[in-house]
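**Student:** sharing a model that was predicted from the sequence below.
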Amino acid sequence: MTLITRCSNCGTAFRVQPGQLAARGGKVRCGKCTQIFDGVSGLVEQDGAAADSEPSPQLALFEAARRAAATPLASGPTSVSGEPELLPAFLEEVAPPPRRRLLWALAVLVTLVLLAAQALLHFRTEIAVLVPEARAPLARACARLGCELHLPRRPELMSIETSDLQTDNRRDGVIVLNAVIRNRAPFAQDYPSLELTLTDERDQAVVRRVLAPLDYLPAGPADRVAQGIAPGAEAVMRVTFDSSRVKAIGYRLYLFYP
């Protein structure tokens, strides 16, 4: 069955098949003015429009559009003049509104900024080591956020070079622990904590004590602990203990970061 529809822009009427209207929801392109319009709403009575309808050019337009609907869009239909059209004869996909694209772009930007800030906070110590100039601003940021910017803490790059536990000949019941801690890292590190365990003749723990840096470092500048152990440097410690209440003949000593 042949129908007649009229272009809402130029008023040209031409014949069309029902299948052509159904292919794109009724949207068609006029073969005369190239305006896209609703072919269903433009249907007219055949008797009243037969006299001023365009017969042949529009038939070629819709025949090309029908072939384009059955093939990939890249092939494209052929216009009335015979030149290839860059766009299909039916409506293309409508692009998202500019406002929606802007909102998506802002959401992506905010997400990237938050991820960058989280990474900066998590790796603040490593960044301060790699970029010393960033330590001051990172310290100010941590002061506002309530976090700490400490020196690196890599126990695998820190070692106890020597240690010994001896009795103090000048005082009864007093033992002295001497040790040398070395920072083997190419960067400054925090002073570690030490755990000293005194053992009996069966190598069983008798007493255990944890020593913080302030417990084993000799008197010095107030910011000595904050400066840490320089790259490749050593820290010498000497700590005395009252052993009058314990019977210990051995010890174990290791370092760690709390």
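**Tutor:** Thanks, I have it. Numbers count the residues shown, from 1 in each chain.

**Student:** hey, where'd the strands end up in the stretch 101-250 of the chain?
**Tutor:** Here the stretch 101-250 of the chain has its strands, by DSSP state E, counting those that start in this stretch, at 158-167, 174-183, 193-199, 205-211, 234-242, 250-256.

**Student:** and those as CSV, adding mean neighbour count and distance to Ile36?
**Tutor:** Any C-beta I mention is one placed from the backbone N, CA and C, and that applies to glycine too. Shown next, in CSV, are the strands of the stretch 101-250 of the chain (neighbours: other CB atoms under 10 Å; distance: least, CB to CB, whole Å):
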stretch, mean neighbour count, distance to Ile36
strand 158-167, 14, 75
strand 174-183, 18, 75
strand 193-199, 18, 77
strand 205-211, 14, 81
strand 234-242, 15, 82
strand 250-256, 14, 75
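
**Student:** adding distance to Gly220, write those strands out as a markdown table.
**Tutor:** Shown next, in a markdown table, are the strands of the stretch 101-250 of the chain (distance: least, CB to CB, whole Å):
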| stretch | distance to Gly220 |
| --- | --- |
| strand 158-167 | 19 |
| strand 174-183 | 15 |
| strand 193-199 | 18 |
| strand 205-211 | 16 |
| strand 234-242 | 11 |
| strand 250-256 | 19 |
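
**Student:** and of the ones you listed, who's closest to Pro18?
**Tutor:** strand 250-256 (83.3 Å; CB to CB).

**Student:** what angle sits between the closest one and strand 158-167?
**Tutor:** If you take axes from the mean of the first three to the mean of the last three CA atoms, to 10 degrees, strand 250-256 sits at 150 degrees to strand 158-167.

**Student:** can I get strand 250-256 as PDB, trimmed to CA atoms?
**Tutor:** The C-alpha coordinates for strand 250-256 follow below in PDB (Å, rounded to 0.1, in the frame of the first residue of the first chain):
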ATOM      1  CA  GLY A 250      71.600 -13.900  78.900                       C
ATOM      2  CA  TYR A 251      69.600 -11.400  76.700                       C
ATOM      3  CA  ARG A 252      68.000 -10.900  73.400                       C
ATOM      4  CA  LEU A 253      67.800  -7.500  71.700                       C
ATOM      5  CA  TYR A 254      66.000  -6.500  68.500                       C
ATOM      6  CA  LEU A 255      64.700  -3.300  67.000                       C
ATOM      7  CA  PHE A 256      61.300  -2.400  65.600                       C
END
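
**Student:** export the strands of the stretch 101-250 of the chain to a markdown table and tack on mean pLDDT and distance to Pro218?
**Tutor:** What follows is those, written out as a markdown table (pLDDT from 0 to 100; distance: least, CB to CB, whole Å):
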| stretch | mean pLDDT | distance to Pro218 |
| --- | --- | --- |
| strand 158-167 | 92 | 16 |
| strand 174-183 | 92 | 12 |
| strand 193-199 | 93 | 15 |
| strand 205-211 | 92 | 13 |
| strand 234-242 | 90 | 7 |
| strand 250-256 | 93 | 18 |
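
**Student:** could you give the average pLDDT over stretch 220-227?
**Tutor:** In this model, stretch 220-227 has an average pLDDT of 75.

**Student:** looking at the strands of the stretch 101-250 of the chain, which is nearest to Arg140?
**Tutor:** The nearest among those, by CB to CB, is strand 174-183 at 26.6 Å.

**Student:** note down every partner strand of the closest one and its orientation.
**Tutor:** strand 158-167 (antiparallel), strand 234-242 (antiparallel) (DSSP bridges).
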